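>>> kindly return the folded structure for what I paste below:
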Amino acid sequence: MIHRLHYVQVLPVNIDKAWDFFSKPHNLGRITPEWLCFEIRCIPGGEMYPGMLIEYEIKALAGIPMRWLTEITHVQKPVLFVDEQRLGPYRFWHHQHIFHTVPEGVKMTDVVHYVLPFSRLSLPLHALLIRPRLEEIFEFRRQVISEIFS
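Numbering: from 1, shown residues only. Now for the predicted structure:
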């Protein structure tokens, strides 16, 4: 079963400033809750590009370290980039970051499609733990982004 997350946030900045912040993978640590113990392990320098691999480690469940390898698969500066999990806790993870200029600044949209391992067997775990945790992460992110760009 494919699950979907959809979040929209308007930032009082121009599209270039938003792109500059979100297209730099090292900023991901700033907008990730501390309890995830997020740590970038390997990231190439320079501007984001299709094929860029970013390796990090998180501790999402009971403090157990999990390796996560993400590939940037699409980049359309300054309006879109997509990251896809290549190695990590999900069977499938596809995250679109979309930016549109609006009168108030920039409308930033996150669309995530994901599939859990073990398909139907993981549905109770999804409802009780995984979905609420993902919503908590994106709510934390929304709050921190508001503070950064206020």
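>>> low-confidence ranges, the chain, go.
By pLDDT under 70, the chain has no low-scoring segment.
>>> check it for its longest helix and report it.
Here the longest helix in the chain is taken by residue count, with DSSP state H as the criterion, and it is helix 131-148.
>>> what is it packed up against?
Taking 3 or more CB pairs under 8 Å, 6 or more residues apart in numbering; DSSP states H and E as the contact definition, the neighbouring helices and strands of helix 131-148 are strand 3-11, strand 105-115. From N, CA and C alone the C-beta is placed, and that goes for glycine too.
>>> just the helices from the protein, written as ranges.
Taking DSSP H to define them, one finds helices in the chain at 15-22, 123-125, 131-148.
>>> pick the most deeply packed of the ones you listed.
Highest mean neighbour count of the helices of the chain: helix 15-22, a mean of 18 (counted as mean count of other CB atoms under 10 Å).
>>> hmm, who's touching that helix?
The list of residues contacting helix 15-22 from outside it, by CB atoms under 8 Å, 6 or more residues apart in numbering, reads 11, 27, 77-79, 81, 97, 99-101, 105-106, 108, 148-149.
>>> swap the cut-off to 10 Å and go again
Counting contacts by CB atoms under 10 Å, 6 or more residues apart in numbering, the residues outside helix 15-22 that touch it are 11, 13-14, 27-28, 30-31, 48, 77-81, 97, 99-102, 105-108, 110, 145, 148-149.
>>> and these, which are buried?
Burial by neighbour count, 16 or more other CB atoms under 10 Å: within the contacts of helix 15-22 this picks out 11, 13, 28, 31, 48, 78, 81, 97, 99, 105-108, 110, 145, 149.
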